[in-house]
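**Q** this one's sequence-less:
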Ligand SMILES: C=C(O[C@@H]1C=C(C(=O)O)C=C[C@H]1O)C(=O)O
């Protein structure tokens, strides 16, 4: 599969002057709930109403969705409000029911994207549909697996495609429910600049208070749309209560977001950018040279260790460096997260250099 301008035709056809907004509850709960939220959303920037009908839950015993009955509620919501509808499909049976009830856009969840077998079954069931299909990233940070799922759809002649970035699971606790790992979305855009890319801030955040910041970051990274879990009574939602926002909050978020263009033709802008980028190029060269110099010193240490038959990893020294660098980084405005990531990578490379010396 190659990047093609046509990949974004379905999105361009909406003719929006703002990012695509998909909003609605995590789960369809009752007919009343679906219709009420649809009416509250219809006059906002939201074009598409979302609601989970079948909910994959981490552990059994939680609300697992209302099932096919909810598709009728979505249909009714569409008739009454004119909003398009979308829901998650996780097997060919879901696909059949969703198509029968004329759901406009289908999405594939993170737990499904991890399995090429299921993805292939869903692609076969969807073969040739002109409905847009949006594929969430797999739960693990694996770009190839994500793109593999997109390719399986494309090969099944599903040409209206998009991807949803919902963050990645990790064992370590962080402020996110799922780590954004923005780098993966940046790499994806590099490979497929015209494949519509939508952020799901709700599943990355797992809480309400950082949804706006995540949306702004996404727009700063040229995302094409947002899928935001929205409920008229979030605290009493049957699933994901902590991360859902009200339609009023969604309206406020859309008002406050700064929507930026990808390029500017202004001469002044071009000149300034060129100058500053020349400075960045110099700094990058210095960085590379400095890193190479540090590795040479590490190699010298490798020779000294070899002569005394001493192990490469020196935990005490390494922890001292990490602690010191985090503090120094803080003083010059570098985040702890960045300094740790950077120095862990430097340390790994340093160990690799010493290894070639000690093992030869
Ligand atoms: C360079 C050394 O070897 C390893 C690499 C380190 C580094 O690159 O800073 C630090 C400690 C060791 O784990 C060393 O022992 O000083």
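**A** Cool, the structure landed. All values derive from a computational prediction rather than experimental measurement.
**Q** give me the number of residues near residue 338?
**A** 11 (other CB atoms under 10 Å). Backbone N, C-alpha and C define where each C-beta goes, glycine included.
**Q** State the pLDDT value of it.
**A** pLDDT recorded at residue 338 is 95.
**Q** For whichever strand or helix holds it, buried residues please.
**A** Remark: residue 338 resides in helix 336-358, with elements defined by DSSP states H and E. Along helix 336-358, these residues count as buried under the neighbour rule (16 or more other CB atoms under 10 Å): 339, 343, 346, 350, 353-354, 357.
**Q** do the same with stretch 134-141
**A** So stretch 134-141, judged by 16+ other CB under 10 Å, has buried residues 134-139, 141.
**Q** Residues in a beta bridge with the closest residue to residue 250 other than its chain neighbours, which ones?
**A** In space, and not counting its chain neighbours, residue 250 is closest to residue 230: 5.3 Å by CB to CB, 6 or more residues apart in numbering. With DSSP bridges applied, the residues forming beta bridges to residue 230 are residue 245.
**Q** quick one on the thing from earlier: out of the buried residues of stretch 134-141, which sit inside strands?
**A** Those of these mapping onto strands are 134-136, per DSSP state E.
**Q** While we're on the residue in the stretch 1-150 of the chain that the ligand sits nearest to, how confident is the model there?
**A** With CB to the nearest ligand atom, the shortest gap between the stretch 1-150 of the chain and the ligand falls at residue 141, namely 25.4 Å. Model confidence at residue 141, expressed as pLDDT, equals 96.
**Q** ok, now which ones touch it?
**A** Neighbouring residues of residue 141 by CB atoms under 8 Å, 6 or more residues apart in numbering: 168, 179, 181, 184.
**Q** And those, which is closest to residue 85?
**A** Of all the contacts of residue 141, residue 168 has the smallest distance to residue 85: 27.5 Å, by CB to CB.
**Q** what's around that closest one, how many residues?
**A** Under the neighbour criterion other CB under 10 Å, residue 168 is assigned a count of 19.
**Q** Any stretches of the stretch 51-200 of the chain with poor pLDDT?
**A** Counting by pLDDT under 70, not a single residue of the stretch 51-200 of the chain qualifies.
**Q** Now the stretch 101-250 of the chain against the ligand: closest residue?
**A** Closest contact between the stretch 101-250 of the chain and the ligand, by CB to the nearest ligand atom, is at residue 172 (21.4 Å).
**Q** Tell me which two in the contacts of residue 141 are the farthest apart.
**A** Across the contacts of residue 141, the two lying at the largest distance from each other (CB to CB) are 179 and 184, at 9.8 Å.
**Q** who touches both of those two?
**A** With contacts taken as CB under 8 Å, 6+ apart, the residues that reach both residue 179 and residue 184 are 141, 168.
**Q** Would you mind measuring from the residue nearest to residue 250 to residue 85?
**A** 14 Å (CB to CB, to the nearest Å).
**Q** what does the stretch 1-150 of the chain put close to the ligand?
**A** The stretch 1-150 of the chain comes close to the ligand at no residue, as judged by CB under 6 Å from any ligand atom.
**Q** How are the strands of the stretch 1-150 of the chain distributed by residue range?
**A** When secondary structure is read from DSSP state E, counting those that start in this stretch, the stretch 1-150 of the chain shows strands at 20-24, 46-50, 84-88, 105-108, 133-136.
**Q** could you say what helices and strands the longest helix belonging to the chain packs with?
**A** Once the chain is assigned using DSSP state H, the helix that runs over the most residues is helix 267-308. On a contact count with 3 or more CB pairs under 8 Å, 6 or more residues apart in numbering; DSSP states H and E, helix 267-308 meets helix 336-358.
**Q** Can you name the residues in contact with the helix it packs on?
**A** Contacts for helix 336-358 (CB under 8 Å, 6+ apart): 291, 294-295, 298-299, 301-303, 305-306, 312-313, 318, 321-322, 325-326, 329-330.
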